[in-house]
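**Student:** 3D model of this:
(3 chains)
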Amino acid sequence: MTSENLVYLIALPLFSSALLMLLGRKADKWGHIFATLISASTFVIGAMEFFAMIDRPEASRAVTQKLFTWISVGTFNVDAGLLLDQLSIAFVLLITGVGTLIHVYSIAYMSHDKDRRRFFAYLNFFIAAMLLLVLGDSYLNLYVGWEGVGLASYLLIGFWNQKPEYATAAKKAFVANRVGDFGLSVAVMIAFANFGAVSFIGIEEKVGGASETALTAMGLMLLLAAVGKSAQFPLQAWLGDAMAGPTPVSALIHAATMVTAGVYLITRSNFIFDNAPTAQLAVVIVGTITLLFGAIIGMAKDDIKKALAASTMSQIGYMIMASGFGPAGYAFAIMHLLTHGFFKAGMFLGAGSVMHGMNDEVNMRRYGGLAKFMPITSITFGLGYLAIIGVPPFAGFYSKDKIIETAFNAGGLQGVLFGSAALLGAVITAFYMTRLMLMTFFGNKRWAQGSEPHESPFLMWAPMAVLAVGSVASGYLLYSGKAIVKWLAPVVDKNQHEHTEFLPPIVVTTLAVVAVIIGVSIAFIKYRGDLSESAPSEVSIFTRVIRRDLLQDDANEFLFMRPGQKLTQLLVKTDESVIDGAVRAVGSSALGSARGMRKLQTGYVRNYALLILIGALVALLAALAVTI
Amino acid sequence: MSGESALFWVLAPLAVLASVAMLFMKKAVHSAILLAWVMITLAIFYIALDAPFLGIVQIVVYTGAVMMLFLFILMLVGVDSSDSLVEKIKGIRSVAIFTALAFSLTLITFIARAELGRPSVGLDEANSGGNVEGLAQYLFSDYVWAFEVISALLITAALGAMVLAHSEKSDVARTSQKSRSIARFRGKSIATAAGLPGSGVYARNNAIDLPALLPDGKPSDLSIAEVLHRRGDVAESKSYELEGLPKIDDQGNK
Amino acid sequence: MNPTNYLYLSAILFSIGAVGVIVRKNAIVVFMCIELMLNAANLAFVTFAKINGNLEGQVMAFFTMVVAACEVVVGLAIIVTIFRSRRSASVDDASLLSR
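**Tutor:** Model (predicted):
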């Protein structure tokens, strides 16, 4: 079925963004309000569509809208079309809902910034691009939105680009994204070469006839794209630096929405991955490595935002790992994505609130004992903390628990390995999140001179409160009666086959809770008492390596940056000496030969007469040679 | 050995010798004489080759007119201007000799390899009506146009030579008699006011190499041409024979 | 006797004249060597007339003589003119076109 409303989801924020950019300073007074209203209106449209979708029978829940014929070249026909089905509506609600809350938050958070209007223009642009990404009905349409969010991320990370480090961070994010985008374009090419179509429905029809090699190749390329966008290993180094952007940006883009686009891509491409087991295995491996990587480097972070970023990297690792388990895991990946959107965004907003109250200090070593002075912040943050570590009955418990269960259910040695890795990740998550809570809100006060921590204004704590409600309730709501699984089944699990169980669910749940308790206890023991203002310097080699982010930047520099620089220098030198040298040699050889030939011009008539005689001799010899 | 070949083998080496010697002569006049010798040899060869008209023309025009013209110019330019045989441009001699040797060898090779396929015809038949008549046949029928053009060329050359050799009288303003007279009296000394005496006033003899004697008995250098001075051809004038002359006292009596 | 001998003589005289043009410095002597070369060519023409049996070679030689005469006239006039202003008849003086 078709709908006429889908286009407004994208057109409204896009229009608002363009309007705010074009009007410039004239819109400074009302730009933020206007942008927030537009964002709220997209949420309203999304909610309307959601309720209409629930009312429809399952088979006709998906709606499409064709906007115009985009490319029509020979046999290659791509329409600019939108598709809203059960999977996309979840994302639409998440993006518009959390997005609107963050718009509200930003009105207060950015109230002192003179470029606030530009910030809201970028935020709206991001909303439009992200909605295009999840609503696109073909890989090519998705790609447009993909690029759009990459651009929005660059603009927003480098929003305060007066500081060179922030601009460099934006560039780093964009370059890492670009590597992933290469994977997506190659995947589109493979799709066209093998299926003759790039739309999801078109490919799904033809996927049965393609070779497994082609499917594996496409799957791996899609995985590369997801790795770039979602900051997975090995393209994860940009996420920590992306915290240079304003906190609302970190909350919206680098916690709830953009970094989850990779998970969306893999889930949307389920028909590819389900027929390419090798690619699926690669997905699981990447997810597992990343969840451990993020957790480990989160243990040593003293910057509150960077600690949360590492946590995001790790949680998305969970989602990617789950989506690699096929139909058994897609629903849980999306569920974890949705719950993560609530609690992580809530925690980021809370971190922003703490920073707001502590004069933009980010070092947790300079926090301490803030619970008394910022009650609302600490309560909402605390609810998010309980959700992320997986304490029942909060949101994260349900989603993470199901992922660990799915990992074990993969069967055999693989299942045990992945499940154990997920459990270990849960231990470490509990550890570092408890550390973060203790260092920030409890313990001794280690504040800098002149700090007066205070609670944030209403426009800031109201969104945090709403998100806290989500952290508490969303898990239960999504899973009760297996609601999420049944909802998404028409998209990801068409055959509805039963999944095997390796361990009984209750065992897995117990193991998960035990892991949480272990992690929290270790953190309590270490960080309970009074802490020092600066990080201890006499630490083991492991701590040092972890503090350097497990050498991720060093590895990138060594493997790619330095060889790239050397290659550039070599090319420049080659250009100068070889190519320019050859050009110069042409000129200098002409000069040199001219200099030599100039010696013939002596000015003496007799010399010239001699030359004439020599010429005549040569002519005669030539004639003689011909006759011989 | 026929007469012609004897003629050839005697005169040809001499001609070659003469032309080689022409290159080495210090004085240009000697070179001119040697060249004249070569031309006469060539004239004899023309006659031996059944071209009597050309042979005579060679002597009359070339040796008689052209070489004489050369000698005239040599005289004008200066018989004493001799070429210094020191070569300033390095190496040009050896290169020139080598190149010319190669050139002549190549030419000789060419001539030796040329094959006509028939013996030389000889000019008996062509000269049957007489050499001059035969030439005239060609000149005034087939080549009359070239003939006319060459006559124009001769006239042009003569005119050109006249124009080139013409020396402009300098535009010194024609002085009037009054200004010349003033200049004379303002000269170096009043003694030159009357100017030089006319020729023959002090001459002792008709010969051009006997100098005139000035009133005090000294020979006057002004009375002999410069060339003779340079050549050292000035003879000695006998000075005045004063002994045989009657003595005159102050009253004018003998 | 073989008229080809005259051709050899002509070649030798021509080469000697060529050497003379290059080696001598006095302009008039150079001119005389050029005359030598022209005469050598004339000899060749007349010999060819005898070999081929018609008088066209002699006509050619005749014309050459006339042209040579004109050329001598004008050339010597030029030399005289140059000598009047330069006071020297050396060929090497006109070396202004060198570097």
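
**Student:** Only C-alpha atoms from now on, for both contacts and neighbour counts.
**Tutor:** Will do.

**Student:** Smallest gap between chain B and chain A, at which residue?
**Tutor:** Here chain B gets closest to chain A at one residue, B:F103, 5.5 Å apart by C-alpha to the nearest C-alpha.

**Student:** quick one: contacts for the closest residue to chain C within chain B?
**Tutor:** Distances between chain B and chain C by C-alpha to the nearest C-alpha are smallest at B:S120, namely 4.3 Å. By C-alpha atoms under 8 Å, 6 or more residues apart in numbering or on different chains, the contact set of B:S120 is C:3, C:50-53.

**Student:** restrict those to contacts with chain B.
**Tutor:** Of the residues in those, proximity to chain B by C-alpha under 8 Å from any C-alpha of the partner chain holds for C:3, C:50-53.

**Student:** Dump the contacts of B:S120 to CSV, plus neighbour count and secondary structure.
**Tutor:** Rendered in CSV, the data for the contacts of B:S120 read as follows (neighbours: other C-alpha atoms under 10 Å in any protein chain shown; DSSP: H, G, I helix; E, B strand; the rest coil):
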residue, neighbour count, secondary structure
C:P3, 16, coil
C:K50, 24, helix
C:I51, 21, helix
C:N52, 18, helix
C:G53, 18, coil
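
**Student:** Redo those residues as CSV? Include distance to chain A and pLDDT.
**Tutor:** Rendered in CSV, the data for the contacts of B:S120 read as follows (distance: C-alpha to the nearest C-alpha, whole Å; pLDDT from 0 to 100):
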residue, distance to chain A, pLDDT
C:P3, 22, 87
C:K50, 25, 91
C:I51, 22, 91
C:N52, 22, 89
C:G53, 26, 87
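
**Student:** is the helix or strand C:N5 falls within anywhere near chain A?
**Tutor:** Secondary structure from DSSP states H and E places C:N5 in helix C:4-23. Yes: in this structure, helix C:4-23 sits against chain A according to C-alpha under 8 Å from any C-alpha; the contacting residues are C:18, C:21-23.

**Student:** Run through the neighbouring helices and strands of that helix.
**Tutor:** Helix C:4-23 makes packing contacts with helix A:605-627, helix B:3-24, helix B:92-113, helix C:27-52 when contacts are defined by 3 or more C-alpha pairs under 8 Å, 6 or more residues apart in numbering or on different chains; DSSP states H and E.

**Student:** Give me the mean pLDDT for the third one.
**Tutor:** Mean pLDDT, helix B:92-113: 92.

**Student:** what's downstream of that helix, the next helix or strand?
**Tutor:** Beyond helix B:92-113 on the C-terminal side, the first helix or strand identified by DSSP H and E is helix B:131-137.

**Student:** go on, the second one?
**Tutor:** Tracing the chain C-terminally past helix B:3-24 and defining elements by DSSP H and E, one meets helix B:28-48 next.

**Student:** by contact count, what packs against that next one?
**Tutor:** Counting contacts by 3+ C-alpha pairs under 8 Å, 6+ apart, the secondary-structure elements packed against helix B:28-48 are helix B:3-24, helix B:52-57, helix B:67-77, helix C:27-52.

**Student:** circling back: pull out the CA atoms of the helix holding C:N5 and give them to me as CSV.
**Tutor:** Listed next in CSV are the C-alpha coordinates belonging to helix C:4-23 (Å, rounded to 0.1, in the frame of the first residue of the first chain):
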residue,chain,number,x,y,z
THR,C,4,87.4,11.8,-69.9
ASN,C,5,90.9,12.9,-69.0
TYR,C,6,89.7,16.5,-69.4
LEU,C,7,87.0,15.7,-66.9
TYR,C,8,89.5,14.6,-64.4
LEU,C,9,91.5,17.7,-64.9
SER,C,10,88.4,19.8,-64.4
ALA,C,11,87.6,18.0,-61.1
ILE,C,12,91.1,18.7,-59.8
LEU,C,13,91.1,22.3,-60.8
PHE,C,14,87.7,22.8,-59.2
SER,C,15,88.9,21.3,-55.9
ILE,C,16,92.1,23.4,-55.9
GLY,C,17,89.9,26.5,-56.5
ALA,C,18,87.7,25.5,-53.6
VAL,C,19,90.7,25.2,-51.3
GLY,C,20,91.9,28.6,-52.4
VAL,C,21,88.6,30.2,-51.6
ILE,C,22,88.7,28.9,-48.1
VAL,C,23,92.4,29.4,-47.3
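
**Student:** Can you give the contact residues for that helix?
**Tutor:** With contacts defined as C-alpha under 8 Å, 6+ apart, helix C:4-23 is touched by A:606-607, A:609-610, A:613, B:12, B:16, B:19-20, B:23, B:92-93, B:96-97, B:100-101, B:103-104, B:107-108, B:111, C:29-31, C:33-34, C:36-38, C:40-41, C:43-44, C:47.

**Student:** Over to stretch B:53-69?
**Tutor:** Defining contact as C-alpha under 8 Å, 6+ apart, one finds that stretch B:53-69 is touched by B:32, B:36, B:39-40, B:42-47, B:131-132, C:58, C:62, C:65, C:69, C:72-73.

**Student:** if I look at the residue in chain A that chain C sits nearest to, how far off is A:A609?
**Tutor:** Nearest residue of chain A to chain C (C-alpha to the nearest C-alpha) works out as A:G603 at 4.1 Å. A:G603 is 11 Å from A:A609, where distance means C-alpha to C-alpha, to the nearest Å.

**Student:** and if you look at A:Q601?
**Tutor:** The span separating A:Q601 from A:A609 equals 12 Å under the rule C-alpha to C-alpha.

**Student:** Next, the buried residues of stretch B:23-39.
**Tutor:** Buried residues in stretch B:23-39, defined by neighbour count with 16 or more other C-alpha atoms under 10 Å in any protein chain shown: B:23, B:25, B:27-29, B:31-39.

**Student:** cool, stretch C:84-95 as well?
**Tutor:** C:88-92.

**Student:** Can you add pLDDT, distance to A:R595 and secondary structure and give these back as JSON lines?
**Tutor:** Written out in JSON lines, the entries for the buried residues of stretch C:84-95 read as follows (pLDDT from 0 to 100; distance: C-alpha to C-alpha, whole Å; DSSP: H, G, I helix; E, B strand; the rest coil):
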{"residue": "C:S88", "pLDDT": "73", "distance to A:R595": "33", "secondary structure": "coil"}
{"residue": "C:A89", "pLDDT": "71", "distance to A:R595": "32", "secondary structure": "coil"}
{"residue": "C:S90", "pLDDT": "76", "distance to A:R595": "29", "secondary structure": "strand"}
{"residue": "C:V91", "pLDDT": "76", "distance to A:R595": "26", "secondary structure": "helix"}
{"residue": "C:D92", "pLDDT": "72", "distance to A:R595": "23", "secondary structure": "helix"}
